[in-house]
Structure formats: C-alpha cells, structure tokens
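# how does the following fold in three dimensions:
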Amino acid sequence: GAQKVIGIDISEMNLGLAKMRVRELKMKGIKFEKGSVLRLPFRNSSFDIVFSAGVLHHTRDWKLGISEMLRVLRLNGIGLLMYLNENPGGLFWDVLEIIRLIMKCENHPVVRTSFGLLGVPSERIIQILDHALVPINVRLTPQQIKSCLIESGADCIRRFTRGANTDRIEKIYKKLPYAELKYGIGENRFIFTKH
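Okay, the predicted model is just below:
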C-alpha cells in the first residue's frame, strides 16, 4: 500500500537486478538511486519506514549506517534491520569465515560468471556469494545492535525470535538438536520506532 518507495544501493549490478524485478512484477511507485547507507542522500525525517536487509555488516561503519537510517526516519516512524550477521553464529558463520579466506584471492567476476553458466539465477548467485566474496563481514551481538539503536534515537526495539521454517533462528527457537552449535544465537532481525 505504499505510494512511494525508494531503494538505494551502492552497486550498479544490484540496482540493475532490482529494476529488473520491479519491471517483471509490473510494480509502480518504486524508484532506485545509487548511494551509500553511510551517507544517505535524503533530508532528515524523510521517510515513514526505513528498511535495511543484509547491508550494514558489509560496511566500514555499521553504527553510522544505523544512525543514518534513524536520521532520515520521521518521528514515530518504523525501522527494520534484517540479516545483520550474528555473533556467536555457530559453525554456520565460522565456516563462512573460512570460505571468505579461501575465496579472498579469487577473481570475483569469473566466480559469478561460473555460477551463471551452471544455470544459477542471478538473484540466487548474490545470496550464495554475498558473504564469500566481501572484504568486510562484521558479526554482531544483539546487544551491540540494540545499544547502537538506542544511541541513535530508536525506541520500542524488538528482536525477532522466530522466522520462517527455513530460517536458522526458527531452528534455534524450536530447539532442534544441535541448533545452537550449528547456528549460534540465530539471525539478528530488529524492528524499532523513532522517538
């Protein structure tokens, strides 16, 4: 029901994929801009809702990213933070850190092209390689995130403790065998308002 939606990304490739999805779904009222979450190109209190999914843990200053989100959020607006890498993250994140070390010197375009040649859809390639090919992959505790949200002016902060059946956090919630060993504390997903 939103009348106007603005997506922002620093990557031309990601912006192209987002525009393609919007065209395929014939969605209206959505536009995209190139920019950084660390310096959002919007005035203070510009948005009713702000949302970041899987971005801040790949930046040089995740705290500044949260601060920027709250800067552009209107009073009593709603914010969502999704998929900030968790610490402890269990074997899941430990193995991903090893993969990052192994992939560090690989030619990233060649790796992406190889996945494409295998028939992997472009949006799935990003999901698979998102953490393997990045120079920055910060892992955060829920308390670190909550403290930063409070310092930046957020209130009514809640962390999601449930997810879809395929989510790591749901496996932990259901206390499946070895879930905490495998997945640590589960995904960092928060909803908050601005006071």
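# and the pLDDT for residue 134?
According to the predicted model, the pLDDT of residue 134 comes to 89.
# which SS class is it?
coil (DSSP: H, G, I helix; E, B strand; the rest coil).
# how much space is there between the residue nearest the centre of the chain and residue 14?
Averaging the C-alpha coordinates of the chain gives a centre point, and the residue nearest to it by C-alpha atoms, centre = their mean is residue 54 (1.4 Å). From residue 54 across to residue 14, the span is 11 Å (C-beta to C-beta, to the nearest Å). C-beta here means a position set from N, CA and C on the backbone, and glycine is covered the same way.
# same question for residue 50.
Separation of residue 50 from residue 14 (C-beta to C-beta): 18 Å.
# what's the longest strand along the chain packed up against?
For the chain, the longest strand by residue count, based on DSSP state E, is strand 73-84. Strand 73-84 sits against strand 47-53, helix 62-72, helix 142-151, strand 188-194, with contacts defined as 3 or more C-beta pairs under 8 Å, 6 or more residues apart in numbering; DSSP states H and E.
# quick check: mean pLDDT across that strand?
Per-residue pLDDT over strand 73-84 has a mean of 95.
# strands paired with that strand, and their directions?
In its sheet, strand 73-84 lies beside strand 47-53 (parallel), strand 188-194 (antiparallel), with partners assigned from DSSP bridges.
# tabulate the helices and strands packed on strand 73-84 (JSON lines), appending mean neighbour count and distance to residue 100.
Supplementary listing: the helices and strands packed on strand 73-84 in JSON lines, determined by neighbours: other C-beta atoms under 10 Å; distance: least, C-beta to C-beta, whole Å:
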{"stretch": "strand 47-53", "mean neighbour count": "16", "distance to residue 100": "20"}
{"stretch": "helix 62-72", "mean neighbour count": "21", "distance to residue 100": "17"}
{"stretch": "helix 142-151", "mean neighbour count": "16", "distance to residue 100": "20"}
{"stretch": "strand 188-194", "mean neighbour count": "21", "distance to residue 100": "19"}
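# out of the ones you listed, which comes closest to residue 135?
Evaluated over the helices and strands packed on strand 73-84, closeness to residue 135 peaks at helix 62-72, with 14.2 Å, by C-beta to C-beta.
# can you classify residue 3 as helix, strand or coil?
The assignment at residue 3 comes out as coil when based on three-state DSSP.
# confidence score at it?
The per-residue pLDDT reported for residue 3 equals 87.
# lowest-confidence helix or strand of this structure?
helix 122-129 (a mean of 81; mean pLDDT, DSSP states H and E).
# my guess is the residue nearest to the centre of the chain contacts residue 126, does it?
No - with contact defined as C-beta atoms under 8 Å, residue 54 does not reach residue 126; the gap is 9.4 Å.
# okay, which residue of this protein is out on the far edge from center?
Residue farthest from the centre of the chain, counting by C-alpha atoms, centre = their mean, is residue 177 at 27.2 Å.
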